[in-house]
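# Provide a 3D model corresponding to the input given below.
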Amino acid sequence: MNKTNLPFHYTGIGVKLSIFSLALIALITSVTAVIVVRIMDDSLLTEMIKRGRSIALSAATPAGFSILSGDRLALDNLSAKMTESQPDLVYLAIVDAEGKILAHNDMNRVGEDYVSGGGPFLNPGGTVEVRSVRLNGKEGYEFVSPVLFAGREVGKVYLGIDASSLEASRRQARTKIVWLSLAALGSGFVGALLLSRFLTRPIKRLSHGVAKIKQGDYHVALEPGGRDELGALTLSFNEMAEVIRGQKEHLVKYAENLEASYEATVRILAAAIDARDQYTYGHSSRVAGLSLLMGERLGLSSEALKDLEMACFLHDVGKIRIPDHILNKQGPLDDQEATVIREHPRHGAEILFLAESLHRYIPAVLQHHENYDGSGYPAGLKGDEIHLHAQIVALADSYDAMISSRPYRVGASRETAIEEILRFRGRQFSPVLTDLFMDILPQFDAEQYPSFMGGAR
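Below is the predicted model of the structure:
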């Protein structure tokens with residue numbers, strides 16, 4: 001062996017292996033950074049679009065009747081409440097079929113022809129169209145929802161959402177990932193030069209960590225294996241994983257905020273529906289209170305209880321299609337009027353079907369007037385064919401209706417209402433739920449029922 005050539009060959013192998021290792025680390029780090037940035041960008045944009053669509057649909061649903069009835073006050077109230085409850089909502093405009101602004105959070109715009117801010121559509125042809133626009137010189141998104149009533153378009157809802165918070169989150173995440181990626185590359189370069197022959201094992205660990213991140217497992221903590229450059233590289237990777245995990249938690253918090261906004265929108269919609277009938281204001285809230293007590297006693301999960309509560313607030317959403325002269329009639333309904341009002345469960349199901357996120361509430365809304373013995377409406381379901389949430393809502397709804405006063409009758413006493421509930425045990429109501437209802441009723445404090453005029457048909 002020529003000993004004079006040994007240092008040269010040894011150095012050449014080390015450099016080649018170092019270059020190869022560094023290239024591999026750079027590739028893994030770059031791919032990971034690109035994947036993470038794209039995932040976060042897409043997730044943030046998708047959540048914002050979902051939120052905008054939900055707000056647009058929530059505004060379009062009650063706007064149809066108000067447009068046809070010429071109730072400008074209701075439209076102004078809807079626009080004002082929506083913009084007040086959503087801090088990043090720049091504007092909300094309701095226009096008629098000719099494009100005239102009927103309601104706007106900027107009252108000076110009412111009566112003008114609505115002119116869109118332009119920009120390309122992100123989903124042309126969708127139920128709620130979304131386009132990128134400039135809002136006060138900043139990037140934003142405009143959502144356009146048709147206002148439908150009885151199957152025809154009577155107007156449109158335009159709302160603009162400021163994308164500043166979205167862009168700030170993107171920039172912050174990208175900056176951190178870039179710096180951490182550079183740190184990982186620097187540590188990898190030093191480690192590859194000094195300990196190239198030991199790179200195989202840490203590279204495998206890093207690849208395994210990247211694979212976990214790509215699969216959605218952000219709780220990655222690799223063992224450094226020493227206090228050298230390879231250990232520093234591994235620690236840098238762990239720090240990057242921590243940043244990614246932090247961003248994921250930020251997205252979860254963002255989703256929770258969206259859920260809170262979604263629930264607030266449902267509550268606003270329920271209050272708007274109740275307010276159409278001066279004698280039923282607060283009815284949905286009281287029904288929700290009773291229903292949740294029963295759900296808790298049944299041991300329903302927190303998610304099921306939340307779904308039950310939202311179903312209570314939406315159970316009468318179909319009454320938005322019932323004409324005022326029937327809904328507010330100063331006397332008992334005749335047969336024809338009763339037939340019309342009995343359609344409100346179907347109307348409610350049709351409205352909820354417009355938004356996929358509301359589909360899980362359809363069974364309770366559609367079936368809350370079904371009777372346990374099959375004599376109810378609209379489908380004549382009986383027993384366990386009726387969704388559990390619908391059976392719970394039916395009990396709470398009937399009790400609140402009985403103890404509530406109407407212009408043509410005085411509300412029954414609680415004792416009389418209880419006797420009536422028990423009389424229809426096994427006929428209109430589930431025997432098990434009836435007994436449970438009797439058990440929880442004392443817990444429902446009398447302060448929940450202050451003096452009011454209300455009720456439900």
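
# Give me the pLDDT value at residue 142.
On the pLDDT scale, residue 142 is placed at 87.

# Show me the strands in the protein, by range?
89-96, 101-104, 129-135, 138-149, 152-162 (DSSP state E).

# can you list those in a markdown table and add distance to residue 328 and mean neighbour count?
Placement of C-beta: from N, CA and C, glycine included. Converted to a markdown table, the strands of the chain look like this (distance: least, Cβ to Cβ, whole Å; neighbours: other Cβ atoms under 10 Å):
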| stretch | distance to residue 328 | mean neighbour count |
| --- | --- | --- |
| strand 89-96 | 24 | 22 |
| strand 101-104 | 23 | 23 |
| strand 129-135 | 36 | 18 |
| strand 138-149 | 19 | 21 |
| strand 152-162 | 22 | 20 |
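
# closest to residue 418 out of these?
strand 138-149 (40.7 Å; Cβ to Cβ).

# elements contacting the closest one?
Of the remaining helices and strands, those touching strand 138-149 by 3 or more Cβ pairs under 8 Å, 6 or more residues apart in numbering; DSSP states H and E are helix 6-69, strand 129-135, strand 152-162, helix 164-194.

# Model confidence score at residue 454, please.
Model confidence at residue 454, given as pLDDT, is 37.

# If you could redo that for residue 428, that was the one I meant.
94.

# Repeat that for residue 85.
pLDDT, read off for residue 85, is 81.

# Distance-wise, check it relative to residue 78.
Distance from residue 85 to residue 78, counting by Cβ to Cβ, to the nearest Å: 11 Å.

# and what of residue 316?
When residue 316 is compared with residue 78 (using Cβ to Cβ), they lie 18 Å apart.

# Can you pull out the low-pLDDT segments for the stretch 251-400 of the chain?
251-252, 254-281 (pLDDT under 70).

# do the same with the stretch 101-250 of the chain
Scanning the stretch 101-250 of the chain with the threshold set as pLDDT under 70 gives 117-118, 123-125, 188-207, 209-210, 213-214, 216-231, 233, 248, 250.

# surely residue 443 meets residue 293?
Yes - the pair residue 443 / residue 293 is scored as a contact, 6.0 Å apart, by Cβ atoms under 8 Å.

# follow-up on the earlier one: okay, the helices and strands packed on strand 138-149, which one's buried deepest?
Counting by mean count of other Cβ atoms under 10 Å, strand 152-162 has the highest mean neighbour count of the helices and strands packed on strand 138-149, with a mean of 20.

# Mind listing the strands that strand pairs with, and their directions?
On the basis of DSSP bridges, the sheet neighbours of strand 152-162 come out as strand 89-96 (antiparallel), strand 138-149 (antiparallel).

# Would you mind confirming that residue 429 is in contact with residue 375?
No - Residue 429 is beyond contact range of residue 375, at 11.7 Å (criterion: Cβ under 8 Å).

# Between those two, which has more neighbouring residues?
residue 429 (24 against 11; other Cβ atoms under 10 Å).

# Quickly note the distance from the closest residue to residue 345 other than its chain neighbours to residue 423.
Excluding the flanking residues, the one nearest residue 345 by Cβ to Cβ, 6 or more residues apart in numbering is residue 366, at 5.1 Å. Here the criterion is Cβ to Cβ. By it, residue 366 lies 26 Å from residue 423.

# of these two, who's got more company?
Just comparing residue 366 and residue 423: by other Cβ under 10 Å the higher neighbour count belongs to residue 366, 24 against 11.

# Excluding residues flanking it in the chain, which one is nearest residue 402?
Residue 402 sits nearest to residue 417 (Cβ to Cβ, 6+ apart), 4.1 Å away.

# re the thing from before, of residue 443 and residue 293, who's got more company?
Neighbours were counted for residue 443 and for residue 293 using other Cβ under 10 Å; residue 293 has more, 19 against 11.

# Kindly state the pLDDT recorded for the residue lying closest to that one once chain neighbours are set aside?
Spatial nearest neighbour of residue 293, excluding adjacent residues (Cβ to Cβ, 6+ apart): residue 440 at 4.5 Å. Note on residue 440: pLDDT of 89.

# same deal with the one 5 residues further on?
According to the model's per-residue confidence, residue 445 sits at a pLDDT of 53.

# returning to what we had before: can you tell me which of the strands of the chain comes nearest to residue 400?
Nearest to residue 400, of the strands of the chain and by Cβ to Cβ, is strand 138-149 at 28.7 Å.
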